[in-house]
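Chemist: Sequence first, then the predicted structure, then my questions.
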Amino acid sequence: AWRVEPPPTVQTRPYAKQITSMPLTFEILATDGEARLGRLTTPHGVVETPAFMPVGTLGAVKGVTPQGLEGAGASIMLSNLYHLALRPGIDAVERLGGLHAFTGWRRPILTDSGGFQVWSLGGLRKVDADGVTFRSHLDGSALRFTPEDVVRFQERMGVDVAMVLDECTAWPVERPAAAASWERTLEWARRARSAWMGGTGGLFGIVQGSVYRDLREQAARELAALDFDGYAIGGVAVGEAKTERRAVVEWTAPALPADRPRYLMGVGYPEDIVHAVAQGVDLFDCVLPARNARHGVLFTRQGTLKIKNSGFKDDPRPLDEECACDACARTSRAFLHHLFRCGELTAPVLATLHNVRYYLDFMADLRQSIGLGASGFFRSP
RNA sequence: GGAGGUGUGGCCGAGUGGACAAUGGCAGCAGACUGUAAAUCUGCCGGGCUUCGCCCUACGGAGGUUCGAAUCCUCCCGCCUCCA
């Protein structure tokens, strides 16, 4: 017989007391050419670099549980202030104990500032000297971001790495406009730096300057003078050619302070990451593994698989024959093909788990290569 | 038996005299995706060719009207609904 239990006491989540002020620390453990093997220590744990940050815009990588993301080997996740400010709102996140408590993700979190949305939501925002006003892509309501707001919001959410508000410069852009855009971003960076209370984690500045070498180098110097905890290269992968993007990384990375982590925002394909690591970049994020997974494109050691294509109908092999992820452990290409064909929810779930694992394994391999030191892998001519 | 309705490309379904090889959707075949307005978007999707165009075959079947028919008429066939 069932016993009638008293109604459960509604238990408030233990308030995740803000971890006391703890600046980021970054150590370089080994180098290979310009490539660095590093360790970024944050309030919520250590990030071995070079590292890839899966993108969980709304607080979760689409289709992946926090446990799944941990299991895949992610040491840090990226989320987005703009999206969280719209829903559920910064107040709600704070009330629920901060972003970690709210999402259940216990490892480090970096939040983007909304600067990318200045570009990607081009038709829905107005930029002025003081900040950005977005028209919500959900209901059209106005949302005002100043550099100070953005710092405060991220501090209130208790993230490990906050990003300054920047203006992700569109491409193509004439030099004068790119320079003017950088001036604005630099001024915002100064304001953000002043507003930063150092409550949790650290604050990263963002270099812009489009595809102009002197602008990028100048931007790196000016930003370095503000003494951020880390430096990001932004404004890439917005339509420019691959060669231009690589040139930007080659100019900018070496111009950034050697003792701070360097972060190439939004990049990219594995080969792009290798190139950037060889230039001394330590952190990456990109929606590709997750988005492509949802679209049926798998990254594997056997090449890119468009699993929805008819050729996989009868392929009994695992997604990636050398992958140890939970999807590859039991899922054949034929089965995933079938799941995609049927629109089964499990399809993108399995595919995302695999792609994210692929990226993270790939990063681990890069770290190992650098750690081997004398390999010279990254000292390519 | 009576009355009414309906039959369109793999499927569903618009079209009711010329602008129709025929809107859409699905299925199918491919492609794109880089700090996520993206489980999204784009192209192809009767056959053939010398493929910004041309030819052939097509809107249940056969005939007819018309310069011209998926569209109008006649008969036939199938299916559906209601009445007996």
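Modeler: Arrived safely.

Chemist: Please name the nearest non-neighbouring residue to the residue nearest the centre of chain A.
Modeler: By C-alpha atoms, centre = their mean, chain A has its centre lying nearest to A:Asp285, at 3.4 Å. Once flanking residues are discounted, A:Asp285 sits nearest to A:Met53: 4.1 Å by C-beta to C-beta, 6 or more residues apart in numbering. (Each C-beta comes from the backbone N, C-alpha and C, glycine too.)

Chemist: Please verify my assumption that the one you found contacts A:Val287.
Modeler: No. Contact criterion C-beta atoms under 8 Å: A:Met53 and A:Val287 do not qualify, at 10.9 Å.

Chemist: Between these two, point out the one with more neighbours.
Modeler: A:Met53 (26 against 15; other C-beta atoms under 10 Å).

Chemist: And what about that one, helix, strand or coil?
Modeler: For A:Met53, the assignment made with DSSP: H, G, I helix; E, B strand; the rest coil gives strand.

Chemist: how much space between it and A:Ile76?
Modeler: According to C-beta to C-beta, to the nearest Å, A:Met53 and A:Ile76 sit 5 Å apart.

Chemist: residue ranges with poor pLDDT in the stretch 151-300 of chain A?
Modeler: The model of the stretch 151-300 of chain A has pLDDT under 70 over residues A:199.

Chemist: got the residues of it near RNA strand B?
Modeler: Selection of the stretch 151-300 of chain A residues close to RNA strand B by C-beta under 7 Å from any atom of the strand yields A:163, A:166, A:168, A:206, A:232, A:234-238, A:242, A:265-269, A:272, A:285-288, A:290-292, A:294-297.

Chemist: quick revisit: contacts only, for the residue nearest to A:Asp285.
Modeler: A:74, A:76-78, A:110, A:283-285 (C-beta atoms under 8 Å, 6 or more residues apart in numbering).

Chemist: switch the cut-off to 6 Å
Modeler: Shown in contact with A:Met53 (C-beta atoms under 6 Å, 6 or more residues apart in numbering): A:76, A:78, A:285.

Chemist: Let me have these in CSV, adding distance to A:Lys313 and secondary structure as columns.
Modeler: Listed next are those as CSV, based on distance: C-beta to C-beta, whole Å; DSSP: H, G, I helix; E, B strand; the rest coil:
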residue, distance to A:Lys313, secondary structure
A:Ile76, 38, coil
A:Leu78, 36, strand
A:Asp285, 34, strand
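
Chemist: can I get the residues you listed in JSON lines with distance to A:His354?
Modeler: Shown next, in JSON lines, are these (distance: C-beta to C-beta, whole Å):
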{"residue": "A:Ile76", "distance to A:His354": "20"}
{"residue": "A:Leu78", "distance to A:His354": "19"}
{"residue": "A:Asp285", "distance to A:His354": "18"}
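
Chemist: which residues of the stretch 1-150 of chain A fall in strands?
Modeler: A:25-32, A:35-42, A:45-49, A:51-54, A:77-80, A:109-112, A:125-128, A:131-135, A:142-145 (DSSP state E, counting those that start in this stretch).

Chemist: Looking at the ones you listed, which is nearest to RNA strand B?
Modeler: Smallest distance to RNA strand B across the strands of the stretch 1-150 of chain A (C-beta to the nearest atom of the strand): 3.5 Å, for strand A:109-112.

Chemist: The closest one pairs with which strands?
Modeler: Using DSSP bridges, strand A:109-112 pairs in its sheet with strand A:77-80 (parallel), strand A:161-163 (parallel).

Chemist: Wondering if it reaches RNA strand B at all.
Modeler: Yes. Using C-beta under 7 Å from any atom of the strand, strand A:109-112 reaches RNA strand B at A:Asp112.

Chemist: burial count for the nearest residue to A:Thr103 once chain neighbours are set aside?
Modeler: Counting by C-beta to C-beta, 6+ apart, A:Thr103 lies nearest to A:Gly59, which is 4.2 Å off, once chain neighbours are set aside. When neighbours are defined as other C-beta under 10 Å, A:Gly59 has 23 of them.

Chemist: Help me confirm that A:Gly59 comes into contact with A:Leu78.
Modeler: No. Using C-beta atoms under 6 Å, A:Gly59 makes no contact with A:Leu78, being 10.5 Å away.

Chemist: Show the model's pLDDT score for the closest residue to A:Arg317 other than its chain neighbours.
Modeler: Closest residue to A:Arg317 apart from its sequence neighbours, by C-beta to C-beta, 6+ apart: A:Arg333 at 5.6 Å. Looking at A:Arg333, its pLDDT reads 98.

Chemist: residues contacting A:Arg333?
Modeler: Applying C-beta under 6 Å, 6+ apart, the residues contacting A:Arg333 are A:312, A:315, A:317, A:319.

Chemist: gap between the closest residue to RNA strand B within the stretch 51-200 of chain A and A:Leu121?
Modeler: Scanning the stretch 51-200 of chain A for the residue nearest RNA strand B gives A:Cys168, at 2.4 Å (criterion: C-beta to the nearest atom of the strand). For A:Cys168, the distance to A:Leu121 equals 10 Å [C-beta to C-beta].

Chemist: The two: which has the busier surroundings?
Modeler: Neighbours were counted for A:Cys168 and for A:Leu121 using other C-beta under 10 Å; A:Cys168 has more, 26 against 16.

Chemist: Phi and psi next, for the more buried one.
Modeler: phi -70, psi 110 (degrees, to the nearest 10).

Chemist: hang on, A:Arg144 packs against A:Thr133?
Modeler: Yes. The pair A:Arg144 / A:Thr133 is scored as a contact, 5.2 Å apart, by C-beta under 6 Å.

Chemist: rewinding a little: pull out the buried members of the residues of the stretch 151-300 of chain A next to RNA strand B.
Modeler: By neighbour count, with 16 or more other C-beta atoms under 10 Å, these hold A:163, A:166, A:168, A:206, A:232, A:234-238, A:265-269, A:272, A:285-286, A:288, A:290, A:292, A:294, A:296-297 as buried.
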